[in-house]
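Trainee: Got a predicted structure here, sequence first:
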Amino acid sequence: MKFFFIILFMAFTAAPVYAQSPPVPVSKEQALDSVQHSLEQEKRRQDALKGQLAGIKSELEATRSSLVSLAEEIQQNEESLGFLEKKIEALTLEEQTLTQKLEQDYSSIADLILALERMRRIPPEALIVRPGAPLQTAQSAMLLHSILPAVDKRATQLSADLRRLADIGDTLAKDKAEALAKQKALEEKRASMQALIDKREKLYSNTQKDYAQHKKTVEQLSREAQTLMDLLARLEQEDQRRSAGPEAQRVAQIYGSGVPEAGAARLPVAGYITEAFGFLNSIGAASQGLTIESRPGSLVVAPMGGVVRFAGTFKNYGNMVIIEHKDGYHSLIGGLDRISTGEDSRVKPGEPIGQLPVSSSRGRNPALYYELRHKGQPVNPAERFPDLKS
């Protein structure tokens, strides 16, 4: 009986069990309000994303435009500095030649001038009464008559050489001071340009989620490709694959779709063409591009607007950049020491893409190699560069 009351007590003191409440009915108006609220949130998110992309695009465009302007100033400075350096080199050589010539003239003409000075001091009467046949006296007079104009001419030339040597010294001092100032200004502009390049590359890498992976893919393609034609074909296949991927739409929103306009063509570096298209080298092979000699460390820019398809090392081209242009054209720029652009970058004509080495193994100024190809085949760059036409 006691056990029964314990059980009964436990049953009454246990927590009560409530039946589950039925769901609260939602009206159509409330459901529509909820959907509308979600749509508005999504719209705000999309607007914010578009604003962010527009801001990135605007910042990137401003950075690239600043780079083009600064690169143009740097190349003009490099060209002017290159001219000054060649002028200084020529003047220095002329100064050395004149100095050697004057040193030789000093020894050869000094004795003659001394002898003539002594003869000038001898009175004419002494010449008449001096021992010797009249014929010898006449011969001496004739000899002096022929020598004096030559000596006078040599003395005049010597005086002109001395004046020229002094002018060269003044010009050299002025040109060296100007070259030093230009070099300092050039270094300052290069530092500003590097800051802009770093900013541009950061914007590119931050807006492309597969940036690093794509770079690795392109490096793999360059190792597998056997020829330049093969590399171009593989790059085109990779571009088609990526254009169908999820990143394509996002990239297009920022950089635009397709290949940008080529714009006004320009040579990628300031310098002198040492080998033209079709030039026969020492083994009789015709050049498929241009070899341009330039100052050590010269800035290299995009010759035309386009999309960078390759930036790295390939075969005997060394460090090379391949830019795709409209209408099936490609620019191949080789011989770079440093590359300052990456795959998929949109470049304007004149936008920095790299730099030449600061020295050359040939003992001369470094040289850049440039090829223009149309549908994979080398063509004369004069087709797109009016300044190269004869």
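Mentor: Nice, thanks for sending it over.
Trainee: Check the burial of Tyr370 by counting its neighbours.
Mentor: By other Cβ atoms under 10 Å, 22 other residues sit near Tyr370. Where C-beta positions appear, they are placed from N, C-alpha and C, glycine not excepted.
Trainee: Now do the contacts for Leu280.
Mentor: By Cβ atoms under 8 Å, 6 or more residues apart in numbering, Leu280 lies in contact with Ala286, Ser287.
Trainee: in the stretch 151-300 of the chain, which ranges drop under the pLDDT threshold?
Mentor: 151-152, 205-211, 245-257, 282 (pLDDT under 70).
Trainee: And Arg300, its phi and psi?
Mentor: Careful, residue 300 is Val; it's not Arg. Backbone torsions for Val300, taken as degrees, to the nearest 10, come to phi -120, psi 130.
Trainee: Help me confirm that Leu235 comes into contact with Glu219.
Mentor: No: Leu235 lies out of contact with Glu219 (Cβ atoms under 8 Å); the separation is 11.8 Å.
Trainee: contacting residues around Pro386?
Mentor: Contacts of Pro386 by Cβ under 8 Å, 6+ apart are Ala265.
Trainee: Check what pLDDT it gets.
Mentor: pLDDT, Pro386: 71.
Trainee: So if I had to pick from Leu235 and Glu219, which one is more boxed in?
Mentor: Leu235 (20 against 15).
Trainee: so what's the more buried one up against?
Mentor: Val218, Leu221, Arg309, Phe310, Ile322.
Trainee: Give me the three-state assignment for Ile283.
Mentor: Following DSSP: H, G, I helix; E, B strand; the rest coil, we place Ile283 in the coil state.
Trainee: actually Gly312, not the one I wrote
Mentor: Gly312 - assigned by three-state DSSP - is strand.
Trainee: Specify the beta-bridge partners of it.
Mentor: Met320 (DSSP bridges).
Trainee: Report the contact partners of it.
Mentor: Val218, Glu219, Ser222, Asn319, Met320, Ile339 are the contacts of Gly312 under Cβ under 8 Å, 6+ apart.
Trainee: Please apply the same query to Gly169.
Mentor: Counting by Cβ under 8 Å, 6+ apart, Gly169 touches Glu95.
Trainee: mind checking the backbone torsions on it?
Mentor: Dihedral angles for Gly169 - degrees, to the nearest 10 - are phi -60, psi -40.
Trainee: likewise the one 4 residues further on?
Mentor: Ala173 has phi and psi values of phi -60, psi -40 when expressed as degrees, to the nearest 10.
Trainee: can you count the residues close to it?
Mentor: Neighbour tally, Ala173, other Cβ under 10 Å: 10.
Trainee: same question, Ala285
Mentor: 9.
Trainee: Next: the one 3 residues further on.
Mentor: Gln288: 18 surrounding residues under other Cβ under 10 Å.
Trainee: Surely it touches Glu371?
Mentor: Yes: Gln288 is within contact range of Glu371, at 5.8 Å (criterion: Cβ under 8 Å).
Trainee: Now do the shared contacts for the two.
Mentor: Pro378.
Trainee: ok, which pair from the contacts of Leu235 is furthest apart?
Mentor: Leu221 and Ile322 (11.3 Å; Cβ to Cβ).
Trainee: what about the two, which has more around it?
Mentor: Ile322 (27 against 19).
Trainee: wait, is Val307 part of a helix?
Mentor: No: Val307 is assigned strand when assessed by three-state DSSP, not a helix.
Trainee: For it, give me its contacts.
Mentor: Val259, Pro260, Ile323, Glu324, Asp344, Ser345, Arg346, Val347.
Trainee: rerun at 10 Å
Mentor: 239, 255, 258-260, 322-326, 343-347 (Cβ atoms under 10 Å, 6 or more residues apart in numbering).
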